[in-house]
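Chemist: Sequence below, structure please.
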Amino acid sequence: MKTFKLWLSAGLGSGFLPKSPGTWGSLASLIFIYFILNSSQAFIGLSVFVLVCIAINLWVADVSEKTWGEDPSRMVIDEFAGQGLSFLWIAYHGSSVNTIWILLLGFIFFRFFDILKPLGINQLQRFGGGLGILLDDLLAGVYSLICLEIVLRFFV
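Modeler: Model (predicted):
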């Protein structure tokens, strides 16, 4: 069971890739998000995706931290949740813009906020365990959702 939890924690293994596991995890999540956004029930599908990733994050956090240390970089299931949140409003109302461009733009916004951690994102890491690991990525996802919407509303 421990191996399975670590594999889930590592975003189905994407967190084991060398250099910048958070970026690899965010990219891996886009595979799932792409298919969800192109489904007939995109909003429900993406909502379930985000909630499942949140639940998995909270379930595997203890074993991940015991194995890899505090807030381990290999643990990227939190990136899956935050990256998914970036596209939730797109899934709700849809968009006439090509899905690949939306995914690329949302990925760039999410990584910007996740790496630099501005606007209070960094303070959320003070919470311990799975919650602390997760909250900063969820707020990064909210900020990237807002930026993505602004760009799509006013510039596309």
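Chemist: Count the residues that sit near the closest residue to Leu12 other than its chain neighbours.
Modeler: The shortest distance from Leu12 to any non-neighbouring residue, by Cβ to Cβ, 6 or more residues apart in numbering, is to Ala28 (6.7 Å). Where you see a C-beta, it was placed from the backbone N, CA and C, and this is true even at glycine. Here the number of neighbours of Ala28 (other Cβ atoms under 10 Å) works out to 22.
Chemist: could you point out which element follows the helix or strand of the chain with the lowest mean pLDDT?
Modeler: Sorting the helices and strands of the chain by mean pLDDT, DSSP states H and E puts helix 88-93 at the bottom, at a mean of 86. Counting by DSSP states H and E, the next helix or strand C-terminal to helix 88-93 is helix 99-116.
Chemist: Please look at the residue nearest to Leu12 and Ala10 and confirm they touch.
Modeler: No - Ala28 is beyond contact range of Ala10, at 9.7 Å (criterion: Cβ atoms under 8 Å).
Chemist: list residues touching both of the two?
Modeler: Counting by Cβ atoms under 8 Å, 6 or more residues apart in numbering, the shared contacts of Ala28 and Ala10 are Val76.
Chemist: List the residues that contact Phe80.
Modeler: Neighbours of Phe80 in contact, by Cβ under 8 Å, 6+ apart: Gly11, Gly25, Ser26, Ala28, Ser29, Phe32, Phe49, Cys53.
Chemist: and those as a markdown table, adding distance to Gly106?
Modeler: Listed next are these as a markdown table, based on distance: Cβ to Cβ, whole Å:
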| residue | distance to Gly106 |
| --- | --- |
| Gly11 | 17 |
| Gly25 | 14 |
| Ser26 | 10 |
| Ala28 | 14 |
| Ser29 | 10 |
| Phe32 | 13 |
| Phe49 | 14 |
| Cys53 | 15 |
